[in-house]
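*Asks:* let's see this in three dimensions:
(one chain, ligands or ions: 2)
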Amino acid sequence: DKVMMENYINQLNEAQRAPVLQKDGPMIVIAGAGSGKTRVLTLRIAYLMHQGVDAFNILSLTFTNKAAREMKSRIAQIVGNSEAKNLWMGTFHSVFAKILRAEADKLGYPSNFTIYDSQDSARLISQIIKEMQLDRDVYKPKQVLSRISNFKNSLITVKAYFENPELQEADAMSKKPRMGEIYQNYVERCFKSGAMDFDDLLLKTNELLTRFPEVLMKYQDRFRYILVDEYQDTNHSQYLIVRALSDRFQNICVVGDDAQSIYAFRGANINNILNFQKDYENVQTYRLEQNYRSTKNIVEAANTIIDKNKVKLDKVVWTANDFGPKIKVHRSLTDGEEGRFVASTIFEEKMYNQKMNSEFAILYRTNAQSRAMEDALRKRDIPYRIYGGLSFYQRKEIKDVLYYLRLIINPKDEEALVRVINYPARGIGNTTLDKLTIAANHYKRSIFEIMEHIDKIDLKITAGTRNKLTDFVTMIRSFQVLDQTQDAYQMTEHVTKKTGLVQELRKDASPEGIARMENIEELLNGIKDFTEGQQQVDGARGALSEFLEDVALATDLDNDTGDDDRVALMTIHLAKGLEFPTVFCVGMEEDLFPSAMSMNTRSELEEERRLFYVALTRAEHQAYLTYAQSRYRWGKLVDSEPSRFIEEIDDQYLEYLTPPDSNYKYKPQINSDIFGDVDKSKLRLQKPVAGTPPAYLKDNATPNLNIRKLKAVTTSGGNSTSDYGLSVGQIVMHERFGKGEILNLEGAGADKKAEIRFTVGGIKKLLLRFAKLEVL
Ligand code: ATP
Ligand code: MG
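*Replies:* Ligands and ions are numbered 1, 2, ... in the order given. Below is the predicted model of the structure:
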């Protein structure tokens, strides 16, 4: 045991060892990408335990739950599983959700409060804007929601808002004088529904720790050692929680890299890292300089990029690793061709160099870019997995089930109720729902409570409909009785049958309908796994409420079991902290990356540059930067220029696979790294006659523009985003045409169309891959 610990410590370099060995006091580790910050945190925890610190007294906060799980399993290898199990580890949201449940009554919340996801929040905001009869073009729900989110993360409560003339003036100036009222309504509605949104999990924790000194003392005493990874991306709310909890023992260790701060747009505050020294007394500052992840070419190129930023801490990053291959730059004509280049490169690497799929990551600036990549990978039969975007739990058919389950746990949950009260159809129409909503607002009660007393309130609802409402209440109540004894799996199986959800889905025999049914089965499998896992722990039941807690905070990264071999596709934001042997940064074009929306100020541009730094430093061995000369954006083909970020890299680190001359067309791929020692005569055969496309285009025999026409898409290949999660009868919002009802859906995959009757403008047929529809 002791020897093993020593071995681990000896593997560290001297700079890394120091923060591991310092047991007490505040410390900060500031270091560039790949220098072992996360590794230091991991070993520090193991070493604390080795020195006799109780696992129950250690809290470590990570950026994803997946990161927490990985850390825990490494620590388990060193100190043993039974000890590691007791560590408090996870994201801010998951750790503090747990604490809030335990203390909910103090804040007037039920301990079974629901956690609203961003879809729930967005629907509620839309609903409130509608009820207040405000103009949706002025009060754009998404903007309103992100403003409210910023308030919360800066700890500006409704009360504080109304006491702050400057904030009110700012909203009035941007033609939204009623922002405060929306905020107030939103907060009241969430409270009435027994629901917290993501930001509440932090805001309410702060409230708890400020208003109840005895609670603060209790958790200060519990969390004697606190560790935070990716500290540069904590927001004000998170900062205050960490400060409060660590105030008593001051055993706080944060690690981060100011050059990787990429969440300012969501309220992350880089000053948290810059001011750490001022916040505590006798802070030890450690710097790590040696990068272990990447080749010299990558490390040095990344250094030259971040050098262009003015706001930064001076840091040295070097590596003893090989120079490695240069960063490869590739230009293509269209985004479709870009996808084919990436897919064929992966294909060849696998063929000639026995690479695994999981050694590749494709990183992009926006989720929309994944489609061209998916198309190309599918054509090459390369398994992939998309992280982010529409996750499994956000698919419509899955959410329908989850809404029922949420309602059982917390019948006040208004978002859940409005989604399922008439699905499957049971004759409770919108007019009835409107009346119930009005009554609920009026009495400041949940809709479910109004329904329970429907016979005592005069809402001009017919006796027939009242019966239907009562039946619904009875059904949910009967589920609640079962929930006392059954596990999550038994409950879900029962609910999907008894509500008619399964029967409803079975009616649809189209491939999409069958895929939806399969998804429900997949959900049941997942729940079975969950309950069986839970039941192995000291006689636990694997109750529904526990399962829902897991799901509410699951991100896509979390579901990654890591045991299947797939290419990873994700936004750069999601890739933070991860590493892959080969990384493709695609869509390296002006206005896309850096994003057109983030070039107005120097600080925005610097954040984009940090994002590029994050992207490039994910690569261990080989990085590709690819761009297209034209690309479909918002349904239009637009011309694009290569990103300034490519130019910012010194040429000595780059290898142009296609000449950077934009007049040059169709250059064959002769890639010595891929082919190794190849017969030159064969290469010559590949040289194109004028106008002939290169080999990788020929393989697919598909003309450029037609590539976007896809065959029917099944959902078997990872998380396909081609299933738009829409169904007939849904009310949707379109950016230009406004509100409408889906009358019909036809086609499949990229050709899927919806016929929509818009309130203004009549019936229109829209291609779903271009129509940005928001389900209301
Ligand atoms: P990021 O800033 O991207 O989060 P990081 O600073 O957290 O990076 P780690 O992920 O901890 O860096 O380490 C990067 C890689 O280097 C990992 O694969 C890790 O195992 C390896 N590594 C770190 N320190 C050492 C070491 N002393 N010897 C060998 N490998 C190391
Ligand atoms: Mg890290």
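*Asks:* going forward, measure contacts and count neighbours with C-alpha atoms only.
*Replies:* Noted.
*Asks:* and the host helix or strand of M475, what does it pack against?
*Replies:* Assigned by DSSP states H and E, M475 belongs to helix 463-483. On a contact count with 3 or more CA pairs under 8 Å, 6 or more residues apart in numbering; DSSP states H and E, helix 463-483 meets helix 396-409, helix 447-452, helix 488-498.
*Asks:* just these: most buried one?
*Replies:* For the helices and strands packed on helix 463-483, the largest average neighbour count (mean count of other CA atoms under 10 Å) is found in helix 396-409, namely a mean of 21.
*Asks:* what about the residue of the stretch 451-600 of the chain found nearest ligand 1, how many residues nearby?
*Replies:* The minimum distance from the stretch 451-600 of the chain to ligand 1, using CA to the nearest ligand atom, falls at G577 (3.7 Å). Burial measure for G577: 19 neighbouring residues, criterion other CA atoms under 10 Å.
*Asks:* what of R466?
*Replies:* For R466, the tally of surrounding residues (other CA under 10 Å) stands at 18.
*Asks:* buried residues, stretch 23-33. List them.
*Replies:* Under the neighbour-count criterion of 16 or more other CA atoms under 10 Å, stretch 23-33 has 23, 25-33 buried.
*Asks:* dump the C-alpha coordinates for the helix holding M475 into CSV.
*Replies:* What follows is helix 463-483 as a C-alpha-only set of coordinates in CSV (Å, rounded to 0.1, in the frame of the first residue of the first chain):
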residue,chain,number,x,y,z
ALA,A,463,-68.8,17.5,-16.6
GLY,A,464,-67.4,15.1,-19.2
THR,A,465,-64.0,16.9,-19.2
ARG,A,466,-64.0,17.2,-15.4
ASN,A,467,-64.3,13.4,-15.3
LYS,A,468,-61.3,13.1,-17.6
LEU,A,469,-59.3,15.4,-15.4
THR,A,470,-60.3,13.4,-12.3
ASP,A,471,-59.4,10.1,-14.1
PHE,A,472,-56.0,11.5,-14.8
VAL,A,473,-55.4,12.5,-11.2
THR,A,474,-56.5,9.1,-10.0
MET,A,475,-54.1,7.4,-12.4
ILE,A,476,-51.1,9.5,-11.2
ARG,A,477,-52.1,8.9,-7.6
SER,A,478,-52.3,5.1,-8.2
PHE,A,479,-48.8,5.3,-9.7
GLN,A,480,-47.6,7.0,-6.5
VAL,A,481,-49.0,4.2,-4.4
LEU,A,482,-47.0,1.7,-6.5
ASP,A,483,-43.9,3.8,-6.2
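*Asks:* distance from the chain centre to that helix, please.
*Replies:* 36 Å (CA atoms, centre = their mean, to the nearest Å).
*Asks:* just after the longest strand seen in the chain, pick out the following helix or strand.
*Replies:* The residue-count maximum for a strand in the chain (DSSP state E) belongs to strand 619-633. Toward the C-terminus, strand 619-633 is succeeded by strand 636-639 as the next helix or strand (DSSP H and E).
*Asks:* parallel or antiparallel, list what pairs with that following strand.
*Replies:* Using DSSP bridges, the strands paired with strand 636-639 are strand 619-633 (antiparallel).
*Asks:* what about the chain, any weak spots by pLDDT?
*Replies:* Counting by pLDDT under 70, the chain contains low-confidence residues at 389-391, 538, 555-563, 661-723, 750, 760-761.
*Asks:* separation between the residue nearest to Y219 when sequence neighbours are not counted and E103?
*Replies:* Spatial nearest neighbour of Y219, chain neighbours left out: L245 (6.7 Å); criterion: CA to CA, 6 or more residues apart in numbering. According to CA to CA, to the nearest Å, L245 and E103 sit 16 Å apart.
*Asks:* and those two? Which one has more around it.
*Replies:* When L245 and E103 are compared for neighbours, L245 comes out ahead with 24 against 17, by other CA under 10 Å.
*Asks:* that one contacts Q220, correct?
*Replies:* Yes: taking contacts as CA atoms under 8 Å, L245 lies within contact range of Q220: 4.9 Å.
*Asks:* what are the buried residues along stretch 471-488?
*Replies:* So, applying 16+ other CA under 10 Å, buried residues of stretch 471-488: 472-473, 476, 479-480, 483, 486-488.
*Asks:* from those residues, pick the one nearest F323.
*Replies:* For the buried residues of stretch 471-488, the residue nearest F323 by CA to CA is A488; the value is 52.9 Å.
*Asks:* who's in contact with that closest one?
*Replies:* With CA atoms under 8 Å, 6 or more residues apart in numbering as the criterion, the residues that contact A488 are 527-528, 531, 542-545, 547.
*Asks:* same question for L407.
*Replies:* Residues near L407 by CA under 8 Å, 6+ apart: 413, 416-417, 476.
*Asks:* R331 sits in which helix or strand?
*Replies:* strand 327-334.
*Asks:* so which residues make contact with that strand?
*Replies:* Against strand 327-334 from outside (CA under 8 Å, 6+ apart): 297-298, 338, 622-631, 653-660, 665, 704.
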